[in-house]
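Asks: What follows is a predicted protein model with its sequence.
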Amino acid sequence: MASRGDSFETQHFSDDHATDGSAMPSRSCTDVPCLVVFLVYVACMLGISLYAFENGQPRRLTHGFNYQGQLCGVSKAVVDKPMLFWCPKGNRTLHGHPADLDMEHPVCLTKCPTEPSSVHCFDNPTAKTEVLGTSSRFHSEQITIQERTVTKQAYPSAAFAGMFCVPHFHKEIGHILGDEPLVKELLGSHGPIGNGYFRTAAALGSLYRSWQLVVAAVFLSVLLSYLYLFALRCAPYGTTMSSIVVVMAASLILGVYFLLADKLWGSTLTQYQNTNQLYKQFDTDYARWVSKVLGLLLLCTFGFMLCGFAAIRQNIQDAVGCVRVSVECVFSMPTMMLTPIFEAIFKLVLWFGLLSSLMWLLGTAEVHPTNLGEAGDFWFGTARQLVFTLDQKIMLTIYLVGITWFVEFTKHFATFVVTYGVFLWYYTPKPKGWGPQFPLTQGLCVGLVYHLGTIAFGSFLIALTRPFRITFLWLSRQAKGGEGNAVVVLVASFCSACISFTQRNLEFVTKAAYMDVVLSATPFMVAAQNAHGFISADLGKIANLTGAVWIIGFAVVASVFTVTVLTIWVLLTPLHLRQITPDHTHSHIENPYFVALLAGTLAASLSASFMVIFEHCSDALLYIFRWNKAHGHNTVAKYCPDELAKLTEYKKVSPGDVGRNRPEAPGIFSTLLSSGSAR
């Protein structure tokens, strides 16, 4: 800070004043109680994972039950028979094929029969009554019920979801199983494989059998993200526009594609149904309805983006200016270029570990087949009840909360590290060259040693309060002054207490707190209030530019998602059309849409790790620019990149400007900066 003899004008008119805001504080551990809680929670998560791996079996969640209650491919007696098959019921036939199926007594098979063959099916049990004795008051009998099997002729079938054998009599109709009457019965809302649990199980099974393509999607995402980074460096505006056009074009084309069913007929319709995977997931009528809904949603997305594009053109221009500022920072520090890939790898490993442990934890439950019949009949198949003990329910709750906390923690820790590196880079005098030495490594060490508890507390609190902040602050802005929508104003009036509470106690709980933690080494709650007050005090151009980069980030992430989904979808189609044989029973993909969407979501998440670098850099540079200007106005020229100075319209001040353009006072927040050597 300035000495007592220094005047306010001297501090701001000097081009090289000592109190320019570059001094880092002396640090000590912050939010220590939160650190203890976080470490204990991590230990609990590890203990729960060990319990799950020792006692769980994920295959219990997906495979079907035979009539004896055994899980095909899982239970010891049928571990080599993963396919569930419904035997013909009675002797009645239709066009040489069974007219009915025995829904109550499916059996496990090694593979689905494609030609007429023999299958051991359930037969009606026989009852034998033996009189044990009689008396004047009692009559004693012993009834013995004996189950038996009978050999029946199997019908031609095809594998469904890699676990079930369904009738496939008319091969000339291609792979559209939903047109078979018996398949419609199986897939109906009351059928054994038409329930929601089966749909989920089939989707998870498809994911398990296509993990290689999911990994390929990760590498594709990383490649596309780096290409976008360099494209943004060369042509930020053109890259943004092309990204938006890709997403809009894909939405329009796919929307039209899903709506084609109502406009086609004959062989053309059959070819269309062969390419639309929905017709292999549901019966024909339901698949047509789902396809129509998807088409309308995609066309609405296209229309929304078209209207939004026209409305935010100026915002895109501002965002492009912020990206130009961020590009110099990112490409000046080689380690900054490697940060996204390390974060992406860590995210991938974290998600894989958390979701794998969750599947094993769910697999610790007792699994019982449940009733599927319309009138109380007991049908074996896919529906089941997961029975958890009280301890298992507690562990599951702890684990689900932990997943949310850990994912938030990784994002916030990356924010802290990047912010630390950006601040060090900014306070490197021009010309900056390659910037400070190992800035991100310094940020990593500082975060781990001093502020791990603060980051853990902040990530938990922000995740917990996010729904309330988003909802009530939005209501507050919409209803401000009574100028908003009448319905919104009415809702806001009923929620006035919640809005007031949110504005007083939750509005400041944002990631901006980590900027004050870097500069002042304060606990999270103090830092959050300081950062919020410092940002709110600015109502000029800097306030308008803060957060502007989200538009470009959204465009790039959306385009990566779109390209990845389309690529994985195209690659999965041959696997979906492949007929199940003993050689590749576990490579059939029944639900390529689910796999493609999940791969696209994962790719978008990883791509966001790259794009968020620009957002962090932009907001951090704007924050530290204003911090620097508040502590020594003319020293900004010593540090501030030319692009940032141009974007913020920065100008030096001189004694003659005092009356007309007095430098802004640092305010109470500047007192948080401790004196010390810059590092």
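Replies: Nice, thanks for sending it over.

Asks: The residue most central in space within the chain: which element?
Replies: Closest to where the C-alpha atoms of the chain average out (C-alpha atoms, centre = their mean) is residue 601, at 5.9 Å. Residue 601 is located in helix 592-631, with elements delineated by DSSP states H and E.

Asks: Would you mark the buried spots in that helix?
Replies: 592-600, 602-631 (16 or more other C-beta atoms under 10 Å). The C-beta positions use only the backbone N, C-alpha and C, and glycine is treated the same way.

Asks: Equivalent analysis for stretch 36-49, please.
Replies: Buried, per 16+ other C-beta under 10 Å, within stretch 36-49: 38, 41, 45, 48, 49.

Asks: how many degrees apart are the helix or strand containing residue 410 and helix 592-631 in direction?
Replies: Using DSSP H and E, residue 410 sits in helix 390-426. Put simply, helix 390-426 runs at 50 degrees to helix 592-631, going by axes from the mean of the first three to the mean of the last three C-alpha atoms, to 10 degrees.

Asks: Determine the set of other helices and strands touching helix 390-426.
Replies: Judged by 3 or more C-beta pairs under 8 Å, 6 or more residues apart in numbering; DSSP states H and E, helix 390-426 is in contact with helix 32-55, helix 313-332, helix 334-362, helix 439-450, helix 452-478, helix 513-520, helix 592-631.

Asks: What residues sit buried inside it?
Replies: So for helix 390-426, counting by 16+ other C-beta under 10 Å, buried means 392, 395-396, 399, 402-403, 405-426.

Asks: now stretch 433-443
Replies: 435, 436, 439, 440, 442, 443.

Asks: what comes into contact with it?
Replies: By C-beta atoms under 8 Å, 6 or more residues apart in numbering, the surrounding residues in contact with stretch 433-443 are 332-336, 339, 416-422, 424-425, 428, 518, 679.

Asks: pLDDT added to the buried residues of stretch 433-443, as TSV?
Replies: As requested, the buried residues of stretch 433-443 are exported to TSV (pLDDT from 0 to 100):
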residue	pLDDT
435	74
436	82
439	86
440	85
442	90
443	91
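
Asks: Tell me the one of those residues nearest residue 122?
Replies: Checking the buried residues of stretch 433-443 against residue 122 with C-beta to C-beta, the nearest one is residue 440 at 65.3 Å.

Asks: Against residue 75, how distant is the closest one?
Replies: Distance, residue 440 to residue 75, using C-beta to C-beta, to the nearest Å: 52 Å.

Asks: and what of residue 319?
Replies: For residue 319, the distance to residue 75 - C-beta to C-beta - is 58 Å.

Asks: Looking at those two, which is more packed in?
Replies: residue 319 (27 against 18; other C-beta atoms under 10 Å).

Asks: quick one: that one from residue 545, how far?
Replies: 9 Å.

Asks: if I look at those two, which residues touch both of them?
Replies: Residues touching both residue 319 and residue 545 (C-beta under 8 Å, 6+ apart): there are none.

Asks: could you list every residue that touches the residue nearest to residue 110 when sequence neighbours are not counted?
Replies: Residue nearest to residue 110 in three dimensions, not counting chain neighbours: residue 81, with 5.2 Å by C-beta to C-beta, 6 or more residues apart in numbering. Shown in contact with residue 81 (C-beta under 8 Å, 6+ apart): 72, 73, 108, 109, 110.

Asks: Contact partners for the last one?
Replies: Yep, that's residue 110 we're talking about. Contacts of residue 110 by C-beta under 8 Å, 6+ apart are 80, 81, 82, 83, 582.

Asks: what's stretch 319-334 in contact with?
Replies: Here stretch 319-334 makes contact (C-beta under 8 Å, 6+ apart) with 229, 232-233, 236-237, 240, 336-337, 421-422, 425-426, 432-436, 439-440, 545, 548-552, 613-614, 617-618, 621-622, 641, 643-644, 647.

Asks: from memory residue 596 sits against residue 562, does it?
Replies: No: in this structure, residue 596 is not within contact of residue 562 by C-beta atoms under 8 Å, at 10.9 Å.

Asks: so where's the stretch 201-350 of the chain shaky on pLDDT?
Replies: The stretch 201-350 of the chain contains residues with pLDDT under 70 at 201-210, 280-281, 310-311, 313-314.

Asks: go on, the stretch 351-500 of the chain?
Replies: Using pLDDT under 70, the stretch 351-500 of the chain drops low at 369-384, 472-500.

Asks: residue boundaries of the strands in the stretch 1-150 of the chain?
Replies: 83-85, 93-94, 97-98, 107-109, 117-134, 139-154 (DSSP state E, counting those that start in this stretch).

Asks: before we move on, the earlier item: Serialize the helices and strands packed on helix 390-426 to TSV and add fields for distance to residue 140.
Replies: Formatted as TSV, the helices and strands packed on helix 390-426 follow (distance: least, C-beta to C-beta, whole Å):
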stretch	distance to residue 140
helix 32-55	45
helix 313-332	89
helix 334-362	48
helix 439-450	78
helix 452-478	67
helix 513-520	81
helix 592-631	59
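
Asks: For residue 162, which of the ones you listed is the nearest?
Replies: Nearest to residue 162, of all those, is helix 592-631, at 12.3 Å by C-beta to C-beta.

Asks: State the next helix or strand along the chain beyond the closest one.
Replies: Criterion used, DSSP H and E; the element after helix 592-631 is helix 636-639.

Asks: Look up how far residue 367 lies from residue 550.
Replies: Going from residue 550 to residue 367 by C-beta to C-beta gives 44 Å.

Asks: oh sorry, the question was meant for residue 154
Replies: For residue 154, the distance to residue 367 - C-beta to C-beta - is 27 Å.

Asks: Next: residue 236.
Replies: Distance of residue 236 to residue 367, computed by C-beta to C-beta: 54 Å.

Asks: go on, residue 569?
Replies: Counting by C-beta to C-beta - residue 569 and residue 367 are separated by 32 Å.

Asks: Equivalent analysis for residue 298, please.
Replies: Separation of residue 298 from residue 367 (C-beta to C-beta): 38 Å.

Asks: Repeat that for residue 639.
Replies: 63 Å.

Asks: Compare these two (neighbour count), which wins?
Replies: Ranked by neighbour count (other C-beta under 10 Å), residue 639 and residue 367 place residue 639 first, with 22 against 19.

Asks: Surely the more buried one touches residue 627?
Replies: No: using C-beta under 8 Å, residue 639 is not in contact with residue 627, being 10.8 Å away.

Asks: so where's the stretch 551-679 of the chain shaky on pLDDT?
Replies: Residues of the stretch 551-679 of the chain meeting the criterion pLDDT under 70: 573-591, 654-679.

Asks: Please consider this matter closed, and thank you.
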